[in-house]
Structure formats: C-alpha cells, structure tokens
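Colleague: sequence first, then the predicted structure, then my questions.
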Amino acid sequence: QVQLVESGGGLVQTGGSLRLSCAASGLTFSSYAMAWFRQAPGKEREFVAAVSGSGYSTGYGDSVKGRFIIPRDNAKNAVFLQMNSLQPEDTSTYYCAAAPMAMGWSRIPTAYEYWGQGTQVTVSS
C-alpha cells in the first residue's frame with residue numbers, strides 16, 4: 001500500500017521560510033517522479049514543483065520559481081519543498097504526489113498516481 005505523508009506546514013510571516021517534507025512508503029521511490037501541488041479554497045490545483053526519480057531534473061511553477069526548491073533523498077524515500085521569501089499568496093494546502101515515470105516529471109495533476117493528504121501553509125501579512 002502506497003502512502004505519502006506530508007509534514008512541516010504551519011503559520012509563517014511574509015518573507016519567512018518553511019520546509020515541507022513528504023515521506024513515501026510502499027513504492028520503489030527512485031522510479032517515481034515526485035511533485036508538490038497546492039490548492040487554495042475556491043481555486044484550481046496549481047503545480048508548484050517536481051523532480052525526476054533520479055533527482056537530476058526539476059521544474060517549477062512560474063509563481064514560485066527562484067523562491068522554492070524541491071530536493072529529494074532517495075535513500076530516505078523522501079522529497080522536500082524548501083520555501084523561501086514566502087508571500088500571502090502562497091497560503092494554500094500543499095500536496096505531495098508521485099508519478100510512475102522512469103525519467104522526467106510532469107506539471108499535470110492527472111499524471112500523478114498517488115497523493116498525500118495535504119499540509120496547510122499560511123503566510124500572514
């Protein structure tokens with residue numbers, strides 16, 4: 001049974017930083033592209049960042065490029081989202097997702113087979 005468990009969300013002031021973690025189990029972790037998406041109430045799910053199974057290829061949504069980083073640790077079956085220079089518009093529920101891809105990653109939510117339960121990030125102004 002595949003499980004993705006996010007942690008690290010919380011309340012932070014504008015300009016602050018947070019590091020989200022996603023612990024994966026029940027899958028061959030290095031064979032999966034991993035991604036973070038976010039969804040605020042009343043809005044569509046938004047692509048945040050993704051990393052290939054090897055960790056060598058990454059991609060970012062335009063709104064977070066230059067501020068967020070998505071490292072992964074295949075030895076620990078974990079992926080992270082380092083969020084810097086946080087802004088109120090980053091307030092959302094953040095979801096970890098896994099896609100069975102030998103190479104590359106995707107911006108499209110339907111490419112991802114497994115999802116975590118989400119963790120709330122709130123940025124106060």
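Modeller: Noted; the coordinates are in hand.

Colleague: what kind of secondary structure is the residue positioned nearest the centre of the chain in?
Modeller: Nearest to the geometric centre of the chain sits Trp36, at 2.2 Å (Cα atoms, centre = their mean). Under the three-state scheme (DSSP: H, G, I helix; E, B strand; the rest coil), Trp36 adopts strand.

Colleague: for the protein, what spans make up the strands?
Modeller: Along the chain, counting by DSSP state E, strands occupy 3-7, 10-13, 18-25, 32-39, 46-51, 58-60, 68-69, 72-73, 78-83, 92-100, 114-115, 119-124.

Colleague: so which of the ones you listed comes closest to Ile108?
Modeller: strand 46-51 (7.8 Å; Cβ to Cβ). Where you see a C-beta, it was placed from the backbone N, CA and C, and this is true even at glycine.

Colleague: quick one: strands adjacent to the closest one?
Modeller: strand 32-39 (antiparallel), strand 58-60 (antiparallel) (DSSP bridges).

Colleague: give me the contacts around the first one.
Modeller: Counting by Cβ atoms under 8 Å, 6 or more residues apart in numbering, the neighbours of strand 32-39 from elsewhere in the structure are 20, 22, 24, 45-53, 70, 72, 79, 81, 90, 92-101, 104-106, 109, 112, 118, 121.

Colleague: whichever of those end up buried, select them in ChimeraX.
Modeller: The ChimeraX selection below is limited to those of the contacts of strand 32-39 classed as buried (16 or more other Cβ atoms under 10 Å):
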select :20,22,24,46,47,48,49,50,51,52,53,70,72,79,81,90,92,93,94,95,96,97,98,99,101,105,106,109,112,118,121
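
Colleague: lovely, talk soon.
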